[in-house]
Every structure is written in C-alpha cells, then in structure tokens.
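> here is a sequence with its predicted model. Questions after.
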Amino acid sequence: MKKQGFAALAAAALLASLMNVGPVSAQTATTYEVMAGADYFGLGIPGFSGRFYPGSMKVHRDDVIKFDFPAFTLGQEGDYPQDVFGEYQEVGHPENFVAWDPDDGADALKVNLDVFFDEGDDCGTETNPCVWGPNDENIFPPFSEEPPFDVYVRVDAAPGTTLWASSLMSPDANVNLKVEVVGNNEEASTQEELDERANLLFTKDLENIQALYNRMSSKSTWHRNAAGQKVYDVFVGASAGPLELFASFPRKTVIPEGARTQFHFMSQMEPHTATFGGAVAKDVLFNPFIPACDPDGDDGAGPDVEPVGFNEETGDPICPDTTEMELDINEMLPWAIGDGKVTQASDYQNSGLVGPYFPDGNAFSERNPDPMNVRFPKASGKKGFKFVCLIHGAFMGGKVIVK
Ligand SMILES: [Cu+2]
C-alpha cells in the first residue's frame with residue numbers, strides 16, 4: 001500500500017519536473033527553531049520531557065525546521081504516531097531493537113543488529129536536511145556523539161497536509177509535534193508565536209516535574225491487598241504526560257520482617273526492571289548481551305556455537321567462517337525470575353522488563369507481572385537488599401531494609 005502510494009507520488013514528481021511546474025513561489029523559505037525535549041538532570045531531577053516545544057506549528061512547503069536534539073522520529077504522511085508506534089514496539093517488528101531467537105528457545109531474544117547498529121538516516125545537516133513529506137518510511141535522524149546535536153528538516157508536502165513527528169515512541173500524545181502545511185497565500189507560524197508557546201509549555205512542564213519529583217520523593221506509602229494484608233509500595237519510574245522520572249520511589253524502604261512489598265511500574269516510555277540478587281544482578285546488568293555464532297539461521301535446527309575469539313582492537317567477537325554473529329539477550333534479563341521472596345542478598349528476584357509496549361506489544365500481558373510482589377521473610381542487616389534496573393543501572397534502583 002505505502003510503496004504504491006510512494007510510487008504514485010514519485011511518478012507525479014517526475015511528471016511535474018518534466019513539465020517544469022515545480023513550486024512557484026516568490027517567498028523565501030523560513031527556518032524555524034524547535035526545541036526537542038528537555039532534560040532536568042542538571043537541576044538535580046533524574047528525568048526528562050519528551051515534548052517538542054512548541055507542540056504544533058504551521059509551515060509553508062520548503063520551510064526548514066531546525067531541531068536542537070535528534071531523539072525523535074519523523075513519521076510518514078497520514079500516520080498518526082500512536083497508531084503506528086505500538087506495532088514498531090512489538091518484539092520481532094523489523095524496526096524493533098529486539099527480535100525472537102527461536103534457536104535458543106521459544107522465549108529467547110536477541111538484538112536486532114540491523115536496527116541496533118543503525119546510525120540513523122543519512123540526513124539532518126544544514127546542507128543536507130532530512131526531507132519530510134515524501135518519505136515512504138519513518139525518518140530517524142542520526143544521533144551525533146557530540147554537539148551540535150541540531151537536526152535540519154525540510155518540509156516537502158502539499159498544502160493541507162499534516163505531518164506528525166514524535167519523540168521516543170511514547171503512548172502519550174503530548175510527545176507529538178503536529179506540523180500543518182498551509183498554502184503560500186495562508187499565514188504560517190512566526191518564530192515569535194512559537195517561542196511564546198514553547199515558553200509557556202516549558203514553564204508548565206518544569207513546574208510539573210518538580211512537583212512530581214517532590215511528591216514521589218517525600219513519602220512512603222502502603223495499601224491493603226484484597227486479603228487485607230499490608231503491602232508496602234515501591235514505584236519504579238513515574239510519569240506525567242510527556243514527563244518521565246528515572247528513579248525508584250522511595251529509594252529506601254524500611255519494613256518489618258515478613259512484610260510484603262509491591263513494585264509498581266509507572267513509566268510511559270521506557271521499559272524498566274526491578275532486580276534483586278547482589279553479584280548475580282550486577283553480572284546481568286554489565287552483560288546484557290552475549291555474543292553467539294549461528295551456523296544456520298533462525299530456521300535451522302543446529303545450536304549456536306561460541307565465538308572463536310575476539311578482535312584485539314575492537315573487542316568484537318569473531319565467529320567461525322560458516323556462521324553468523326548474533327547478540328543474544330542475557331536470558332536472565334527479559335523475563336520474570338524468582339519465587340517472590342528475598343531472604344538473602346544473592347536471591348535473584350527479577351521483574352523482567354516491564355514497559356508500555358513490553359512484553360506484548362501494546363497489549364496487556366501477564367508474562368512479567370506488574371506490580372511485582374516480593375516478600376521479605378528475614379532481616380536484611382543495615383545495608384538492606386539492593387535492587388537495580390537492568391536497563392538503566394543502579395541509579396534507578398534502591399534498597400529495602402528489613403528490620
Ligand atoms: Cu530503568
């Protein structure tokens with residue numbers, strides 16, 4: 001369908017160029033500046049905003065938008081982000097970071113190397129802007145390692161078209177940027193108008209995330225479950241619209257011996273885990289991917305073999321000639337493991353990945369139960385039992401002290 005649409009569009013463009021009826025306009029293109037997301041770590045708040053400031057804009061064909069940060073996707077004409085991102089987020093989708101690895105078992109996962117090492121589309125500089133409108137695939141601007149992080153995008157779509165960009169594939173519509181292309185006889189946005197709205201939204205989001213962080217940090221809570229038992233709450237992440245906090249709340253939970261806890265996953269964007277297990281958890285955290293060599297592809301029955309060595313310079317694994325390198329996801333990482341009890345530091349209790357789109361696309365799944373229930377039958381000592389997030393690290397974790 002989309003390919004056909006693109007072919008038709010390409011034919012029309014060719015015809016237009018043959019007939020020499022390109023865009024006829026006396027006006028010069030405008031370059032707009034848009035702030036893509038905000039980050040609050042510098043203010044001591046472990047969080048960010050996925051919003052585009054100003055949220056929406058009207059442009060003319062051939063206008064350029066200069067984004068200050070590349071973490072976003074430019075959709076295809078006619079696609080509304082939240083309608084299509086759920087699919088993208090399903091394990092096995094060609095654009096997903098993660099693929100099934102049937103060689104290693106029905107639940108096994110591996111890294112989708114095509115996407116994981118994809119550096120993004122070859123566009124985005126001032127002289128080679130990404131061309132947004134005729135694209136028949138989503139555009140992922142490349143992520144530069146160092147400043148400037150600016151991305152230039154030229155809008156090339158007919159008046160009346162609405163294009164949507166979205167940051168970080170959140171189910172929350174506040175991370176979308178709506179770009180309406182208006183006719184040359186109609187008024188487009190002015191930078192001044194956009195700046196004014198951007199300021200209003202930025203101030204609102206800053207105050208909201210400060211308030212959310214303070215509220216989440218200020219108190220411990222508990223509730224009673226259906227059986228009337230007291231359950232202590234830990235929140236893994238927190239979100240409000242386009243705002244995300246990367247921390248667990250409270251960082252330190254003090255409970256009596258035998259008490260029950262629940263880990264509530266509150267992220268709208270990224271998957272997290274809550275994982276106990278001392279050195280074992282640390283090992284998984286530092287070795288999320290395990291290189292293997294597949295002799296016969298996913299359909300072949302032969303088992304993977306280990307790399308025969310590592311490249312001294314790059315550290316990359318070397319596979320035997322007739323095999324293909326793959327990166328397996330540590331089997332201790334993605335799925336829930338544990339008996340629901342932590343009695344000593346080395347007890348591996350893992351929630352598995354829990355996110356808005358994992359485990360099962362954007363459908364509810366019981367594979368990795370959220371909330372995760374954990375009981376603590378024995379005292380922990382002063383240091384408590386530590387937990388980490390296997391995706392983001394120890395800074396997202398916390399500890400439970402059992403008295
Ligand atoms: Cu995390």
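Nice, thanks for sending it over.
> lowest average confidence, helix or strand, in the protein?
Lowest on mean pLDDT, DSSP states H and E among the helices and strands of the chain sits helix 2-18, with a mean of 39.
> just to check, residue 399 is in contact with residue 382?
No: counting by CB atoms under 8 Å, residue 399 does not reach residue 382; the two are 10.4 Å apart. In this view, the C-beta of every residue, glycine as well, is placed from N, C-alpha and C.
> out of those two, which sits in the busier spot?
Neighbour tally, residue 399 and residue 382, criterion other CB atoms under 10 Å: the higher count belongs to residue 399, 18 against 7.
> so which helix or strand takes in that one?
For residue 399, the element it lies in under DSSP states H and E is strand 393-402.
> repeat for residue 223
If you go by DSSP H and E, residue 223 is part of strand 222-224.
> can you pull out the helices in the protein?
Using DSSP state H, the helices of the chain run over 2-18, 81-88, 113-116, 191-218, 278-286.
> of those helices, which approaches the ion most closely?
Ranking these by proximity to the ion (CB to the ion) places helix 278-286 first, at 10.7 Å.
> pLDDT on that closest one, on average?
Averaged over helix 278-286, pLDDT sits at 95.
> before we move on, what about stretch 354-370?
Average pLDDT, stretch 354-370: 76.
> next one: stretch 216-227
The average pLDDT within stretch 216-227 is 94.
> before we move on, the earlier item: out of the helices of the chain, which one sits most buried?
helix 81-88 (a mean of 18; mean count of other CB atoms under 10 Å).
> could you measure from the nearest residue to residue 397 once chain neighbours are set aside over to residue 147?
Distances taken as CB to CB, 6 or more residues apart in numbering put residue 388 closest to residue 397, at 4.0 Å, once the chain neighbours are dropped. As judged by CB to CB, to the nearest Å, residue 388 and residue 147 stand 30 Å apart.
> now do residue 183
Counting by CB to CB, the separation of residue 183 from residue 147 is 37 Å.
> how deep is the nearest residue to residue 110 once chain neighbours are set aside tucked in, by neighbour count?
Leaving out its chain neighbours, the residue that sits closest to residue 110 by CB to CB, 6+ apart is residue 101, at 4.0 Å. By the criterion of other CB under 10 Å, residue 101 has 22 neighbours.
> below-threshold pLDDT in the stretch 151-300 of the chain: ranges please.
Counting by pLDDT under 70, the stretch 151-300 of the chain shows low-confidence ranges at 168-169.
> return the residues of it in contact with the ion.
Counting by CB under 5 Å from the ion, the stretch 151-300 of the chain comes close to the ion at residue 272.
> residue boundaries of the strands in the stretch 151-300 of the chain?
Taking DSSP state E, counting those that start in this stretch, the strands of the stretch 151-300 of the chain run over residues 151-155, 162-166, 176-182, 222-224, 230-240, 243-249, 252-255, 260-265, 275-276, 289-294.
> among these, which is the most enclosed?
The most buried one of these (mean count of other CB under 10 Å) is strand 275-276, showing a mean of 27.
> which elements pack onto it?
When contacts are defined as 3 or more CB pairs under 8 Å, 6 or more residues apart in numbering; DSSP states H and E, strand 275-276 packs onto helix 278-286, strand 349-350, strand 385-389.
> can you tell me the strand partners of it and which way each runs?
strand 349-350 (antiparallel), strand 385-389 (antiparallel) (DSSP bridges).
> by proximity to the ion, which residue of the stretch 201-350 of the chain wins?
Closest point on the stretch 201-350 of the chain to the ion, by CB to the ion, is residue 272, at 3.3 Å.
> any idea what that residue is bridged to?
Applying DSSP bridges, one finds that residue 272 bridges with residue 354.
> leaving out the residues flanking it, which one is nearest to residue 249?
Closest residue in space to residue 249, ignoring its immediate chain neighbours: residue 216 at 4.1 Å, by CB to CB, 6+ apart.
> okay, now the unreliable bits of the stretch 1-150 of the chain?
1-27.
> please work out which residue of it is closest to the ion.
For the stretch 1-150 of the chain, CB to the ion, closest residue to the ion: residue 46, 10.4 Å.
> pretty sure that residue contacts residue 244?
No: in this structure, residue 46 is not within contact of residue 244 by CB under 8 Å, at 9.4 Å.
> domains in the protein, by residue range?
Domain ranges of the chain: 27-206, 219-288+330-402, 291-321, per automatic domain parsing.
> I'd like those laid out as a markdown table, including distance to residue 212.
What follows is the domains of the chain, written out as a markdown table (distance: least, CB to CB, whole Å):
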| stretch | distance to residue 212 |
| --- | --- |
| domain 27-206 | 8 |
| domain 219-288+330-402 | 5 |
| domain 291-321 | 40 |
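> buried residues, stretch 297-312. List them.
For stretch 297-312, a neighbour-count test (16 or more other CB atoms under 10 Å) marks 304, 307 as buried.
> now what about stretch 141-151, what contacts it?
36, 66-72, 74, 119-124, 126, 130, 153 (CB atoms under 8 Å, 6 or more residues apart in numbering).
> buried among those residues? Make that a PyMOL selection.
Command for PyMOL that selects the buried part of the contacts of stretch 141-151, burial taken from 16+ other CB under 10 Å:
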select buried, resi 36+66+67+68+69+70+71+72+74+123+124+130+153
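> so which of the contacts of stretch 141-151 belong to strands?
36, 66-67, 74, 130, 153 (DSSP state E).
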